[in-house]
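A predicted structure for the sequence below; I have some questions about it.
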Amino acid sequence: MASSSLPPPLPPSATLTSQQSPPPPSQLPIRKMPGSYGLPLVGPLSDRLDYFWFQGPDKFFRSRSEKYKSTVFRTNIPPTFPFLGNVNPNIVAVLDVKSFSYLFDMDLVDKRDVLIGDFRPSLDFYGGVRVGVYLDTTEPKHAKVKSFAMDILKRSSEVWLRELLSNLDKFWETVESDIAKNDDGASYMIALQRCIFNFLSIALTGANPSVSPDIAENGWQMLDKWLAIQVIPTTKIGILQPLEEIFLHSWAYPFFLVAGEYQKLYNFINENAGDVLRLGEEEYGLTREETVHNLLFALGFNAYGGFSVFLPSLIGRIAGDSSGLQERLRTEVRKVCGSGSALNFRTVNEMELVKSVVYETLRFNPPVPLQYARARNDFKINSHDAVYEVKKGELLCGYQPLVMRDANIFDDPEEFKPDRFVGQTGSELLNYLFWSNGPQTGTPSESNKQCAAKDMVTITACLIIANLFLRYDKITGDSGSIKTVVKAK
């Protein structure tokens, strides 16, 4: 079974608080959940070494799913022993679209402090504030922070487009200049992160980095360090083992390593984002501290961090393609924008292939590979072929790179298909595109945990592709560098 015989989609509820009721258990066999946590200390340590060293995340989940002949099973996930004893590594892995969708049912699951599993970095990283991403929907503060975030995005739409296109001009000028100096092409990651940081700072917060030479020059690096220090214990880096295990995955790194940089970013927002800060305080009842730290998290972790992962995979996919995709994208972009129509939110929404390439990239390389939620009470969870019992307090963990390759939903799931989301069938598949902590057809609200910027992320990526093919006939490269560009004739 694949996309030609899809299961019923998740309901297009505005809240996603209560998903479609699973079929009665009698329709599927009840199965004892397979898997094991192993012996205390030994089991978690063994799984940690498999996850980071001997197998890597993808093979870690695939091999266990094959071993247990199930997409739902118990196992351990890092971080864990020896110096993270306060972290419980036990999880229930959910690796198919059907079981993964339970992570969005806020009647069944709690999202409190589970952004990156049972491990939560010190609140010192956020000025002592539990920012919105760590709040469950039942906590009163969540509705205020989520509504604040959605309001910022709504108000920023005109500035968003202007600043994106302006900073893309600078980005591509830098790439062209670097290519001219180097026959091997230009590594573009630094230029891209500068572009993302400058554009997002103005669009989201109203604070222009140009007012501070230090922030203008180094703000993106400050965010990189702040992000890295938080997630290192949970992330495979790929350096020489066993050094990675000994020095990067054995303990949580302290905030003081980035305290100076974070204070500079705090001061930058506090002194220059006046209108947005007043909105948080006066319209949504947040304190000044809560407003600044939530704004910094949205800017640094959600927006800048997310785009820094997603955009290189998107650019690399297009630049490295030799199937004729670039010609097709170029034709579509210039057809829509070639008769005097400017590039904007409306015109880019008419580019069906461009949008499909963005969606397929998000399916193939989800920017956030792991999603978590904790069971509020005992409940039964369905995969495609069985029903399992989940106990209250158990931590569910979905590994999206496998979930988004569910052969029951997607034809040829291991293949990148640019046209996958084109047409009526493609539109129906958006019900199962989960990169945003909810289906692409869902609507973020204060009563769910779906990414507030879900639609802005996809339309921004579409604008970047369209801008590229209005500027160039062709580019070559990969996810880290641009080798050549051919300017539009």
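Okay, I see it.

quick one: the helices in the stretch 251-400 of the chain?
259-272, 274-278, 288-297, 305-319, 325-337, 345-348, 352-364, 400-403 (DSSP state H, counting those that start in this stretch).

would you map the strands across the stretch 151-300 of the chain?
In the stretch 151-300 of the chain, the segments counted as strands under DSSP state E, counting those that start in this stretch are 186-187.

how about low-confidence regions in the stretch 301-450 of the chain?
339-340 (pLDDT under 70).

scratch that, the stretch 1-150 of the chain
In the stretch 1-150 of the chain, residues with pLDDT under 70: 1-26.

rerun at 80
Where the stretch 1-150 of the chain drops to pLDDT under 80, the residues are 1-26, 81-85.

for it, what spans make up the strands?
Using DSSP E, counting those that start in this stretch, strands in the stretch 1-150 of the chain cover 72-76, 90-94, 109-110.

run the chain-centre distance for the second one.
Mean C-alpha position of strand 90-94 versus that of the full chain (C-alpha atoms, centre = their mean, to the nearest Å) differs by 20 Å.

go on, stretch 178-186?
31 Å.

the longest helix in this protein is where?
helix 157-181 (DSSP state H).

quick one: the helices in the stretch 1-150 of the chain, in order.
42-49, 57-68, 97-100, 140-155.

what's the first one in contact with?
Put plainly, it is helix 42-49. Contact with helix 42-49 is made by 36-38, 60, 75-82, 89, 245, 249, as judged by C-beta atoms under 8 Å, 6 or more residues apart in numbering. In short, each C-beta sits where N, CA and C put it, glycine included.

let's see 6 Å
37, 76, 78, 80, 81, 89 (C-beta atoms under 6 Å, 6 or more residues apart in numbering).

ok, now the shortest one?
Contacts to helix 97-100, defined as C-beta under 6 Å, 6+ apart, come from residues 72, 94, 381, 382, 383, 384, 398, 403, 406, 409, 432.

going by distance to residue 140, which of the residues you listed wins?
For those, the minimum distance to residue 140 (C-beta to C-beta) is 27.3 Å, reached by residue 398.

just to revisit the earlier point, now the helices of the stretch 251-400 of the chain as TSV including mean neighbour count?
Output for the helices of the stretch 251-400 of the chain, formatted as TSV (neighbours: other C-beta atoms under 10 Å):
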stretch	mean neighbour count
helix 259-272	17
helix 274-278	16
helix 288-297	22
helix 305-319	20
helix 325-337	18
helix 345-348	16
helix 352-364	23
helix 400-403	21
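
in TSV: those helices, plus distance to residue 439.
Compiled in TSV, the helices of the stretch 251-400 of the chain are given as follows (distance: least, C-beta to C-beta, whole Å):
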stretch	distance to residue 439
helix 259-272	32
helix 274-278	29
helix 288-297	24
helix 305-319	18
helix 325-337	25
helix 345-348	21
helix 352-364	12
helix 400-403	12
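
on that earlier part again, which parts of the longest helix of the chain are buried?
160-161, 163-165, 167-168, 171-172, 174-175, 178-179 (16 or more other C-beta atoms under 10 Å).

quick one on the thing from earlier: could I get the helices of the stretch 1-150 of the chain as CSV with distance to residue 336?
Below are the helices of the stretch 1-150 of the chain laid out as CSV (distance: least, C-beta to C-beta, whole Å):
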stretch, distance to residue 336
helix 42-49, 50
helix 57-68, 37
helix 97-100, 32
helix 140-155, 24
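
need the max-distance pair from the contacts of helix 42-49.
The most distant members of those, if one measures by C-beta to C-beta, are 37 and 78, lying 13.4 Å apart.

these two: which is more packed in?
residue 78 (27 against 15; other C-beta atoms under 10 Å).

ok, that one - contacts?
Applying C-beta under 6 Å, 6+ apart, the residues contacting residue 78 are 48, 51.

one more pass at 8 Å, please.
47, 48, 51, 52, 89, 233, 234, 249.

identify the farthest-apart pair in the residues you listed.
The widest separation within the contacts of residue 78 (C-beta to C-beta) is 14.5 Å, between 47 and 233.

hmm, back to that, for residue 146, which of the helices of the stretch 251-400 of the chain is the nearest?
helix 288-297 (9.9 Å).

how much does that closest one deviate in direction from helix 259-272?
110 degrees (axes from the mean of the first three to the mean of the last three C-alpha atoms, to 10 degrees).

which other helices and strands contact helix 288-297?
If you count contacts as 3 or more C-beta pairs under 8 Å, 6 or more residues apart in numbering; DSSP states H and E, helix 288-297 packs onto helix 140-155, helix 259-272, helix 274-278.

how far off centre is that helix?
20 Å.

what of stretch 210-219?
For stretch 210-219, the distance to the chain centre is 26 Å (C-alpha atoms, centre = their mean).

ok, and what's touching that stretch?
197, 198, 201, 209, 222, 264, 265, 268, 272.

in that stretch, what's buried?
So stretch 210-219, judged by 16+ other C-beta under 10 Å, has buried residues 212, 215, 216, 218, 219.

stretch 46-56 now?
Quick answer for stretch 46-56 (16+ other C-beta under 10 Å): 47, 48, 49, 50, 51, 52, 55.

state the distance from residue 329 to residue 464.
12 Å (C-beta to C-beta, to the nearest Å).

swap that for residue 407, sorry
Taken as C-beta to C-beta, the span from residue 407 to residue 464 is 31 Å.

one more: residue 398?
When residue 398 is compared with residue 464 (using C-beta to C-beta), they lie 28 Å apart.

more neighbours: which of these two?
Using other C-beta under 10 Å, the more surrounded residue of residue 398 and residue 464 is residue 398, with 28 against 23.

okay, and the beta partners of that one?
residue 94, residue 371 (DSSP bridges).

pretty sure it sits against residue 366.
No. Counting by C-beta atoms under 8 Å, residue 398 sits too far from residue 366 to count as a contact (10.0 Å).

start and end of stretch 275-285, how far apart?
15 Å (C-alpha to C-alpha, to the nearest Å).

would you mind pulling the contact partners of it?
Stretch 275-285 is contacted from outside by 144-145, 147-148, 151-152, 155, 204-206, 269-270, 286-288, 290-292, 294-295, using C-beta under 8 Å, 6+ apart.

likewise for stretch 461-473?
Taking C-beta under 8 Å, 6+ apart as the rule, stretch 461-473 contacts 161, 164-165, 168, 172, 310-311, 314-315, 318, 326, 329-330, 333-334, 336-337, 343, 345, 347-349, 351, 354-355, 357-358, 361, 475, 485-489.

roughly how far does residue 154 sit from residue 349?
On the measure of C-beta to C-beta, residue 154 and residue 349 end up 17 Å apart.

nearest to residue 133, out of the helices of the stretch 251-400 of the chain?
Using C-beta to C-beta, these put helix 288-297 closest to residue 133, at 6.6 Å.
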